[in-house]
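*Asks:* attaching a predicted model along with its sequence, questions to come.
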Amino acid sequence: MTSSSSPSRKTLSKIATNRLQKELMEWQLDPPCGFTHRVSDNLYRWIIDVIGAPSTLYAGETYQLQVDFSDHYPMDAPQVIFLHPAPLHPHIYSNGHICLDILYDSWSPAMTVGSVCISILSMLSSSTAKQRPADNDRYVKNCRNGRSPKETRWWFHDDKV
């Protein structure tokens, strides 16, 4: 592909901006149950409060997600992490990184922030134990210096939680 046939950063940014504005408007009209978007002036970073679903291990607990979008959104998945303190969960590392396939390999541009949030709440709700992943300490140590979870080669092997 030559540079003249590839979309410019400005074009990508406009596509991402239009999509994010549309999603934000839809969110404000009909937010997913259990989630609150914290209003800010940065369209490319959303902070979202997550409230644990009733009758689950996380019932009534509140956590925060940070969702960062690139100029390539929705073609590229947003980067989604839990802010400190991250919930104790077998697929959530203490640094907030989330092992969930739709955030990486299984992402589709048809997905939205709302659908990602519902998937994360579903993952929390199906957990039978509050614990960190077995390799938490090693993983977090390797992620020092601001390494993005998108740089991780995730191994998706456990669909029970």
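*Replies:* That came through, no problem. Residues are numbered from 1 along each chain as shown.

*Asks:* can we go C-alpha only for contacts and neighbour counts from here?
*Replies:* OK.

*Asks:* which stretches in this protein count as strands?
*Replies:* According to DSSP state E, the chain carries its strands in the segments 35-38, 45-51, 62-68, 79-82.

*Asks:* quick one: closest of these to Ser125.
*Replies:* Ser125 lies closest to strand 45-51 among the strands of the chain, at 10.7 Å (Cα to Cα).

*Asks:* which helices and strands does the closest one pack with?
*Replies:* Helices and strands touching strand 45-51, by 3 or more Cα pairs under 8 Å, 6 or more residues apart in numbering; DSSP states H and E, are strand 35-38, strand 62-68.

*Asks:* which residues are contacting it?
*Replies:* 34-40, 58-69, 121 (Cα atoms under 8 Å, 6 or more residues apart in numbering).

*Asks:* of the residues you listed, buried ones?
*Replies:* 34-37, 58, 62-69, 121 (16 or more other Cα atoms under 10 Å).

*Asks:* going by neighbour count, list what's buried in the longest helix along the chain.
*Replies:* Looking across the chain with DSSP state H, the single longest helix is helix 9-29. Within helix 9-29, the residues scored as buried using 16+ other Cα under 10 Å are 12-13, 15-17, 20, 24, 27.

*Asks:* report the inter-axis angle for that helix versus strand 45-51.
*Replies:* Interaxial angle of helix 9-29 relative to strand 45-51 (axes from the mean of the first three to the mean of the last three Cα atoms, to 10 degrees): 30 degrees.

*Asks:* and helix 9-29, what's its mean pLDDT?
*Replies:* For helix 9-29, mean pLDDT is 89.

*Asks:* now do it: distance to the chain's middle.
*Replies:* Taking Cα atoms, centre = their mean, to the nearest Å, one finds helix 9-29 lying 17 Å from the centre of the chain it belongs to.

*Asks:* what's in contact with that helix?
*Replies:* Taking Cα under 8 Å, 6+ apart as the rule, helix 9-29 contacts 43-44, 70-74, 112-114.

*Asks:* rerun that using 6 Å as the cut-off
*Replies:* With contacts defined as Cα atoms under 6 Å, 6 or more residues apart in numbering, helix 9-29 is touched by 71-73.

*Asks:* among these, who's most crowded?
*Replies:* Counting neighbours by other Cα atoms under 10 Å, Tyr73 comes out on top of those with 20 neighbours.

*Asks:* for that residue, which non-adjacent residue is spatially closest?
*Replies:* Ala16 (5.0 Å; Cα to Cα, 6 or more residues apart in numbering).
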